[in-house]
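*Asks:* need a structure here:
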Amino acid sequence: MWRVPTIETETTPKADPAIDQGARQPALQRVQSLTAQLKPYASPSNWRSVSQLSLTAGAFALLWFVMWLSLDLGYWLTLLLGIPAAGLLVRFFCIQHDCGHGSFFRSRLANDLVGRAIGVLTLTPYDYWRRAHAIHHATSGNLDRRGVGDVTTLTVREYRGLSWLRRFGYRFYRNPLVLFGLGPIYVFALKHRWPLDFPLFRQKLWFGVLATNVAIVVLTVVMAMLLGVTDVLKVQLPVTLLGSAMGVWLFFVQHQFEDAYWRNDADWNVHQAAIEGSSYYSLPGVLRWFTASIGLHHIHHLSSKVPNYRLKECLDQIPELRQAKRLTMLDSLKCVTLALWDEDTGKMVRFRDLKKIKASASNGGAG
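*Replies:* Numbering: from 1, shown residues only. Next up is the predicted model:
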């Protein structure tokens, strides 16, 4: 999402490498064993993928049409129907997400074509997003490689090293109303139209962005000519806004929780980052269906080639996966105000915790 300039500050004190490596080795071996156990599931079924895509597209088209018909009955009904429609838009995005990992169809061409087509609905240029998301997977939880495809997160020391103006900017950015209100509008309506975080010389990425923009305009114009500009906006705008907010919320909860994994590059490990830095978001069955099981994010980060419809199967058949950090819906609400990573405790903290942290440091860690 938004980027905050890198701040050079004191880093976390390093532990004795030999002792630290000895303590981490059994944990690393367990995580690597889990990754190996997931290999048999990392194979898409074209039939299941086509079925999932067809059901999602059919349900979305039908619900969109019913929303349009409901405009004459009362806009409150249209908005009410917009809630499941937004859920289906999130499900579309999750399918696009699988396509980006090459885990939805066996054919790369099929993945790319479907991913690009869905990108017109989700306002997400496929090739650009796929590249940014690949960087996210390769750097998640790495303090020295932040800035692409993630929610900007500062450490306590970095935050304290900011000027008052930049502190205000970071607090504004991490405000829930901004993160889940203005943030999704910025990302999907503006940033995805002109992604300046990638240089212009990446011609393929920029061509994909421009092609998606053109397709969005063409689809909007055609729909407006058939149904009227006002009707199209009344139906699609709330679906897009709510669906975008849902998507940002899911991404936030997947990596922003109290015990989230953050390490400097020398101590960072991709396997540990996957299992310890990605949450197991336990959702009710209906919500798990709308989100295509993306809440089982720790499994996805361990093996991104596992298609979404096999993630629950992995959880059921590999008991160790159920030992990951589990968040219920109530737990996830408590994550909203987490904003900084504390180097000393190794946990995410809130702005209101800063005084307590400072007092503890002044007393030499007592209390």
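*Asks:* so where's the protein shaky on pLDDT?
*Replies:* 1-28, 199-202, 361-367 (pLDDT under 70).
*Asks:* can you give me the strands in it?
*Replies:* Along the chain, counting by DSSP state E, strands occupy 154-155, 280-281, 326-327, 338-342, 347-350.
*Asks:* which one of those lies closest to Glu320?
*Replies:* Among those, the nearest to Glu320 by CB to CB is strand 280-281 (11.6 Å). Glycine gets a C-beta too; all of them are placed from N, C-alpha and C.
*Asks:* roughly how far apart are Phe65 and Val218?
*Replies:* 20 Å (CB to CB, to the nearest Å).
*Asks:* all helices for the stretch 251-367 of the chain, in order.
*Replies:* Taking DSSP state H, counting those that start in this stretch as the criterion, the stretch 251-367 of the chain carries its helices at 270-276, 285-290, 297-302, 311-317, 329-333, 354-362.
*Asks:* what residues are up against Arg263?
*Replies:* Contact partners of Arg263, counting by CB atoms under 8 Å, 6 or more residues apart in numbering, are Gly141, Asn142, Leu143, Asn269, Ala273.
*Asks:* and the residue nearest to the last one when sequence neighbours are not counted, how many neighbours?
*Replies:* Setting aside the residues directly before and after it, Ala273 is nearest to Gly141 in space (CB to CB, 6 or more residues apart in numbering), at 3.8 Å. Gly141 sits with 24 neighbouring residues when counted by other CB atoms under 10 Å.
*Asks:* excluding its backbone neighbours, what's nearest Tyr159?
*Replies:* Using CB to CB, 6+ apart, the closest residue to Tyr159 is Leu340 (5.5 Å).
*Asks:* please name the bridge partners of that neighbour.
*Replies:* Per DSSP bridges, the residues bridged to Leu340 are Leu154, Val349.
*Asks:* against Asp353, how distant is it?
*Replies:* Distance, Leu340 to Asp353, using CB to CB: 8 Å.
*Asks:* contacts only, for Pro176.
*Replies:* Contacts for Pro176 (CB under 8 Å, 6+ apart) come out as Val336, Thr337.
*Asks:* give me the distance between it and Val248.
*Replies:* Relative to Val248, and taking CB to CB, Pro176 is found at 11 Å.
*Asks:* common neighbours of these two, please.
*Replies:* Common contact partners of Pro176 and Val248 (CB under 8 Å, 6+ apart): none.
*Asks:* what two of the contacts of Arg263 are the furthest from one another?
*Replies:* Spatially, the most separated pair among the contacts of Arg263 is Leu143 and Asn269, at 13.1 Å (CB to CB).
*Asks:* tally of neighbours for the closest residue to Gly82 other than its chain neighbours?
*Replies:* Leaving aside its chain neighbours, Gly82 sits nearest to Pro238 (4.5 Å; criterion: CB to CB, 6+ apart). Look at Pro238: counted by other CB under 10 Å, it has 19 neighbours.
*Asks:* burial measure for the residue nearest to Tyr159, as a count.
*Replies:* Per other CB under 10 Å, the neighbour tally for Leu340 reads 23.
*Asks:* would you check that it makes contact with Leu154?
*Replies:* Yes - here Leu340 reaches Leu154: they are 5.9 Å apart, a contact under CB atoms under 8 Å.
*Asks:* pipe the contacts of Arg263 into TSV and attach distance to Thr35 per row.
*Replies:* Shown next, in TSV, are these (distance: CB to CB, whole Å):
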residue	distance to Thr35
Gly141	16
Asn142	18
Leu143	23
Asn269	12
Ala273	12
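*Asks:* which of the residues you listed are buried? Put it as a PyMOL command.
*Replies:* Remark: buried members of these, expressed as a PyMOL selection using 16 or more other CB atoms under 10 Å:
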select buried, resi 141+142+143+269+273
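*Asks:* quick check, nearest of the contacts of Arg263 to Phe257?
*Replies:* Nearest to Phe257, judged by CB to CB, of the contacts of Arg263 is Gly141 at 11.9 Å.
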